[in-house]
Structures are given as C-alpha cells and as structure tokens.
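> Model the structure of this input:
(2 chains)
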Amino acid sequence: MKAGKLSLRGESLRYLVPYLLFVICWFVVATAVRGYGTLDHFLYIVQFAGFLGIVSAGQTLVIVAGGIDLSVGALITLSAVVTTQTMYANHLAFPAAALCGLLASLAFGVLSGVGVGSIKIPPLIMTLVSATIAKGAALLMTDGSPHEMRAQGFQDWVVKPGAFGINGILQTWIAVSVLVVFLMGSTSFGKKLQFLGSSPKATVYAGYNPKTLTVSVYAISALLSGATGILLIGFTGNSYLGMGDTYQLSTLAAVVMGGTSILGGSGSYAGTIAGALLLTLITSVLTLFSVSGGAQVAIEGAIILLLMIAYASATRVRD
Amino acid sequence: MNASRVRRLSSRIPVVFLPAAFFLAINIALNPRILSLRGINNLALQTVSLGLVVMAQTLVVIVREMDMSVGAVVSMTTVLVASTMGSLHFLSIPLALLVAGLFGALSGAIVAYAKIPGIVVTLATSMIIGGLALVIMPQAGGTIDDALSDFVNGQPFLVPNCFLLLLAVLLVWRYVKGTRLGTAIYATGGNPFSAYASGLPVAGAKIAAYTGSALLAAVAGLVICGKTMTGDATIGDPYTLSSIAGTVLGGASFTGGVGTMAGAVAGALIIGILVHVLFFLGLSSHYQYIAEGLILLAAVTIGVLAERRGKK
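I've put the predicted structure just below:
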C-alpha cells in the first residue's frame, strides 16, 4: 500500500515536470526577449497551443491504450479540405460542410480502429495506411489546388476574443481538456484504456471488449484531428495539402514531454497540455530568432529523443 | 522448432515471387517494350533504390524492430553527396556512408540500451536527420559528378550496373547470415530472451541491424543521386512507407525472426511493377497514394491472417 502511494506520487511528479519546465522557460524567455512575458503574450501562446493541444488529446488516448496514431496530420488536412471543397463545389453551408469534414475524418478513425482491433495489424502500420489513403483522397478532391473558405461568423469566433476574452480555439481546447481529463481520470473508460495499454489479455479477462475499445479510441482521435482541421481553416481562411503535416510529430513530442509512457498503460492528458504549451513556446522563440523550419524539426526531434531516454532510465531506476 | 522455421521460410519465398511474376506478366503484356535492354535498365533503376530500402527495413524487422528513418537517411545522403561532391569529389561518397552509419548506430544503441521501442526512437531520429538535411540544403540542388550517374545508369555487361549492386548486397548478406552476427540477428528477433541466454550479443545485433539499415538506405540515396543528378532534402520521404509495404510483401514478419533479403527484393519488385502498371493504365498520379495505401493494407492483412492460421 505504501509503495503504491509512493509510486503514485512519483507518477504525479512526472506530470508536474513539464509544467515546471514551462514556467522556467517562460521566465527565461520573458527576461531575455523584449515583448515576451506579458499577459497578452501568455494568452497568445496559450491560444495558439490550442491546435496542438486538441490533436494531442487524441494522441494521448491512443498511446495510453497501447497504440500510436500516425494519421492525425493527414486527417487534419483531410477534414479541412473536405470542408472547404464541399462548400466550394457543392455549395453547402458551413455547418453542413464542417460536418462532412468531421465525418470523413471519423471514417478513417474507424478504419484504423477496425484494422488494429479486429485484424490485429500493428497500430503504426494501420494508421500509416489510413494516413496514406486520406492524403490521396484529399489530393483527389482538390485536384492539387485547394480553395478558400468564407464563413465570416465562424472565422470571427475562432480568431476574435469572445466569452471571458478568449477566442474560439481556446474555448474549444478548454472544453476538450475538461472532457478528456474527466474521461481518463473518473470514468471506467479511462481505466479500461489503461488496462488495454498495459495488457490486452488482461482486458479480455476483465470482461471488456478490446475491439470496441480500440475502435472508439481511434475514432475519438480522428474526431479531434478533424475538429483541429476545421479550427485551422477558421484561423487561416483556407485549406491546403499538407497543412496538418507539422502536427503529426509534434503530437508525439507533446505526449512524450507530458510524461505519458510511449509503451502505453499509463499517462495523463494534464501532462500533455503542459507538453503542448512548452512546445509552442519553444517553437515561437525559435521562429522569433528566425531558426529555419528544418532546424526547428531537428531540435524538436532531439528534445523528444532526450526526454524519452531520460524517462526510460528514470523508470528503470524505480524498477 | 528449427526445422519448422526452415520450412516456413522456404514455403514463403515462392509465394512472394508468384505475384511478382504475375504483375510482371501483366506489365509486359501492357508494354512489350519493357523487355528491351533500355526497358530493363529503366525498371532496374526504379526497382533497385526501392529494393535497397526494403532490404534496409527487412533487416530491422528481422530483429523485431522498425526503422522509420529510412526515408530521412535517403534524403540526407542525396543532400550530403550533392553539396560536397563539388569539392570532395568521390570522397563525398564514403563521407555520406559514414554519416548514415553513425546515425544508424546511434538509433540502434538507443534502442538496445535505453530499451525504447525502435519505432519511436527512429521517428525522433528521422526528425533530426530530415531536419538537418533541410538545413544543409533548403532547396533541391547541388552537383553530382557525371561518373556517378554514368555508373548508376550504366549497363556495360548487358546487366545494368545497379542490378550488380543489388547482387553484391545479396552476396554480402549471404556471408553475414552465416556468421555469429547473422545468427544473433535472427535469434534476437525470434526470441530475445533465449538469444540472450545462449550468450548471443542481443544489443550488438540490434545496433548492427540499425547500422546496416542506414547504410543500405544510404546506398539507395546514392542510386537516386545518380538518377536525379541533384540533392533533395525531401526526396526520401515516400520511401519509408514503401519500405514497410515491400517488407511485408516480402514475407518478413513483424513478430521478428523471419525474413529474407531475396523476399525483400521480390517485395520491392511487386511495388515497382504495380506502380508501372498503374501508370500504363493511365491512372493519374493522384491515385498513387491511395494505391500504395491499399497495397500496404492488403499486404499486412494477408500477412497477419496467414500468421494467425499458421499458429492454429
């Protein structure tokens, strides 16, 4: 019992580390860079981190359940492209078009879930299959040249400060955060996910159906990716092929930074939130110092690698 | 146990070559010119780079891991060679191989000693390698010596040079397979615990597999350099997916310990020929992603189902 409590404290400490890192980075940046560190700047970072935060919620659920989702980037693009294309070519109103975008994304999530859960294809390969087909579908729909979107009301909601002085991105992120933290921490669904991630066999013996669990977790991830795609077109006003690509690896970075075990079985979305904030802050500083895109990706990769090694050795010491 | 594995291996290879022969027949029927010397050379050029990356992936899959950095290493090689060939000439080739080998060894060492799944380690290293390649060469360009492209495209003894390259790799593998390292590679994938208990170097096998994978990907990068005459920091991206598809088609198992380089070549041949067939059927290149995704899906589904039936 005592050991259990101790390890629990170790666990929650693990999720506190990224917040601590964020605060430290924040103070370093605030003192070193003029214009950084104000409340406005904080709000800007938090709102901008929303995109990454929302997709990473899905990635967290999938990884805790013992999988990995390499289709989030492609599904962001797909839902954005489907939304703008159906508005442009089929003259749908924005809500109907957005629904089409979400459903397209959801379909691929279900495909991944069935492949992983029922056929038992390794998650990495199955989500890569979904990503590739989704990418091809987006390419076919646009024929290579995507379109702009005009939905003034939605675009205003996404960009301009609304209720409590925060914009639509942050409102959505807060809603997603509350839901996901509740789902993982206080429902049986969250428990089952952890079972599934640590031992699929135990899940069966405990009387849960691993197939439905798997399908629902990939479906949720796909829906969150789809929602992010739609928020992104609200933010930028148009869709383009590859718009979700940068998010693919960043979600993994945010999840790993947040202290979730890449092996599945344990993790928390609260940690991922800090990971997304920290990553957004780092990216914004790198952009400010005009570090090129390639170098940013390389730095992000190095951070992921070092954190994984650190966590892995920390876990081994505790064992 | 051992006998059944041998039987399983030998029963797998012909099955792989059957669809390859089938698609080749369709391809020849659609386009008889493919049988000309030039046609063979073209097909060889397209298939050899693919064959090399599939072998790279197969090598890692045999030790029950995966390498998501294959494409990034291909890109990095083309970039390194194209940016240094002007001043270093042929020294840039060993330089590129050395850099690739070091990255491969780094991935392998992290996988072996930190005990983190190879998938995520190589996803991270692929970000580092691909990002650095973009830093070295933000836009495609650079110079490639004519001698390299002459060699890659050449066909002095009737057989295309790059086929000979593939053959050389197969011969090296044949030798390695017979050594203690080869045994360790197969045993580590089959059952790491008993491999370790038998005193085989499990960590060494993983490091060797990742290093070999990176070297093979780098050779593929050299072939691509000779073909395109430029360095391009994104040219390798699609190869990661194709390498996985080819590996599955080639009969390697993701549960480790099973896979052959001959199978890998056959897997690459199927993909190469299939892309050819789609092209001659007049499908727009926009369909290529969907086709490749479906091929991969079909290949893994068949592989997984066959394995399950084999177990029962």
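> For B:G282, give me the pLDDT.
We have a pLDDT of 69 for B:G282.
> Next, give phi and psi for the nearest residue to B:V99 once chain neighbours are set aside.
Setting aside the residues directly before and after it, B:V99 is nearest to B:L80 in space (Cβ to Cβ, 6 or more residues apart in numbering or on different chains), at 6.1 Å. Glycine gets a C-beta too; all of them are placed from N, C-alpha and C. Dihedral pair for B:L80: phi -60, psi -50, per degrees, to the nearest 10.
> B:G231 and B:M76 touch, don't they?
No - using Cβ atoms under 8 Å, B:G231 makes no contact with B:M76, being 9.3 Å away.
> pretty sure the residue nearest to B:V99 contacts B:C225?
No - with contacts counted by Cβ under 8 Å, B:L80 stays clear of B:C225, the gap being 9.5 Å.
> What segments of the chain are helices?
Went with chain A since none was named. A:2-32, A:39-64, A:72-89, A:94-114, A:123-142, A:152-159, A:168-186, A:188-198, A:200-205, A:210-236, A:245-257, A:269-288, A:293-318 (DSSP state H).
> Chain B was what I was after
B:2-30, B:37-62, B:70-88, B:92-114, B:118-136, B:146-153, B:161-178, B:180-190, B:192-197, B:202-228, B:237-249, B:261-280, B:287-311.
> so which of those comes closest to A:V297?
Among the helices of chain B, helix B:118-136 comes nearest to A:V297, with 3.6 Å by Cβ to Cβ.
> before we move on, the earlier item: format the helices of chain B as TSV; extra columns: mean neighbour count.
Converted to TSV, the helices of chain B look like this (neighbours: other Cβ atoms under 10 Å in any protein chain shown):
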stretch	mean neighbour count
helix B:2-30	14
helix B:37-62	25
helix B:70-88	26
helix B:92-114	21
helix B:118-136	25
helix B:146-153	16
helix B:161-178	16
helix B:180-190	21
helix B:192-197	14
helix B:202-228	26
helix B:237-249	27
helix B:261-280	23
helix B:287-311	17
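> Which of these comes out lowest on mean pLDDT?
helix B:2-30 (a mean of 62).
> circling back to that earlier point, can you work out which residues contact both of B:L80 and B:C225?
B:G231 (Cβ atoms under 8 Å, 6 or more residues apart in numbering or on different chains).
> related to what we said a few turns ago, is it possible to export the helices of chain A to TSV including mean neighbour count, distance to chain B and mean pLDDT?
Below are the helices of chain A laid out as TSV (neighbours: other Cβ atoms under 10 Å in any protein chain shown; distance: least, Cβ to the nearest Cβ, whole Å; pLDDT from 0 to 100):
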stretch	mean neighbour count	distance to chain B	mean pLDDT
helix A:2-32	14	16	70
helix A:39-64	24	10	91
helix A:72-89	27	9	92
helix A:94-114	22	9	95
helix A:123-142	25	3	91
helix A:152-159	15	29	79
helix A:168-186	17	21	90
helix A:188-198	19	13	86
helix A:200-205	14	15	78
helix A:210-236	25	15	93
helix A:245-257	25	6	87
helix A:269-288	23	11	88
helix A:293-318	17	3	80
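> excluding its backbone neighbours, what's nearest A:T246?
Nearest in space to A:T246, with sequence neighbours left out and distances taken as Cβ to Cβ, 6+ apart, is A:G73 at 7.4 Å.
> and the one you found, what does it touch?
Contacts of A:G73 (Cβ under 8 Å, 6+ apart): A:131, A:225, A:244-248.
> how about those, which pair is most distant?
A:A131 and A:T246, at 14.1 Å, using Cβ to Cβ across the contacts of A:G73.
> and A:V176, how far is that from A:G185?
14 Å (Cβ to Cβ, to the nearest Å).
> ugh, typo on my part, it should be A:Q194
Relative to A:G185, and taking Cβ to Cβ, A:Q194 is found at 11 Å.
> hang on, B:T260 packs against B:T247?
No - contact criterion Cβ under 8 Å: B:T260 and B:T247 do not qualify, at 10.8 Å.
> Now for the two: what residues contact both?
Counting by Cβ under 8 Å, 6+ apart, the shared contacts of B:T260 and B:T247 are B:T58.
> Model confidence for B:S36, exactly?
Here the pLDDT value assigned to B:S36 is 68.
> Likewise for B:I235?
Here, the pLDDT recorded for B:I235 equals 91.
> got the contact list for it?
Neighbouring residues of B:I235 by Cβ under 8 Å, 6+ apart: B:74-75, B:78, B:140, B:224, B:228.
> Identify the farthest-apart pair in the residues you listed.
B:V74 and B:A140 (13.5 Å).
> Return the residues of the stretch 1-150 of chain B in contact with chain A.
For the stretch 1-150 of chain B, the residues in contact with chain A (Cβ under 8 Å from any Cβ of the partner chain) are B:66, B:110, B:114-117, B:119-121, B:123-135, B:138.
> Provide a list of residues in contact with B:T188.
Contacts of B:T188 by Cβ under 8 Å, 6+ apart are B:63-64, B:195, B:200, B:202, B:205-206, B:256-257.
> Pick the one among the residues you listed closest to A:Q155.
Proximity of the contacts of B:T188 to A:Q155, judged by Cβ to Cβ, is greatest for B:R64, which lies at 49.0 Å.
> mind checking pLDDT for that closest one?
At B:R64, the pLDDT recorded in the model is 90.
> Leaving out sequence neighbours, find the closest residue to it.
B:G256 (2.8 Å).
> ditto for B:M229
Leaving out its chain neighbours, B:M229 is closest to B:I144 (Cβ to Cβ, 6+ apart), at 4.8 Å.
> ok, the one you found - how many residues close by?
Residues lying near B:I144 (other Cβ atoms under 10 Å in any protein chain shown) number 22.
> what residues are up against whatever residue of the stretch 151-300 of chain B ends up closest to chain A?
Closest to chain A within the stretch 151-300 of chain B is B:Y289: 3.0 Å, counting by Cβ to the nearest Cβ. Residues in contact with B:Y289 (Cβ under 8 Å, 6+ apart) are A:132-133, A:135-136, A:139.
> Which member of these is positioned nearest A:A276?
For the contacts of B:Y289, the nearest to A:A276 is A:K135 (23.9 Å; Cβ to Cβ).
> OK, contacts around B:Q288?
Contacts of B:Q288 (Cβ under 8 Å, 6+ apart): A:136, B:275, B:278.
> picking that back up, of all the helices of chain B, which lies closest to A:W26?
Comparison of these against A:W26 by Cβ to Cβ identifies helix B:118-136 as nearest, at 24.4 Å.
> Which residue is the nearest non-sequential neighbour of residue 308?
Just so you know, I chose chain A. B:I116 (5.3 Å).
> try again with chain B
A:K120 (7.6 Å).
> Go ahead and confirm that neighbour touches B:V304.
Yes - counting by Cβ under 8 Å, B:V304 is a contact partner of A:K120 at 5.7 Å.
> just checking, B:A233 touches B:P138?
Yes - in this structure, B:A233 is within contact of B:P138 by Cβ under 8 Å, at 7.3 Å.
> Overlap of the contact sets of the two?
Residues touching both B:A233 and B:P138 (Cβ under 8 Å, 6+ apart): A:G294.
> These two: who's more crowded?
B:A233 (25 against 12).
> surely B:H286 meets A:L139?
Yes - judged on Cβ under 8 Å, B:H286 makes contact with A:L139 at a distance of 4.9 Å.
> Report the central residue of chain A.
For chain A, the residue nearest the mean C-alpha position is A:S56 (1.6 Å; Cα atoms, centre = their mean).
> Contact partners for it?
A:250-251, A:254-255, A:258, A:272, A:275-276.
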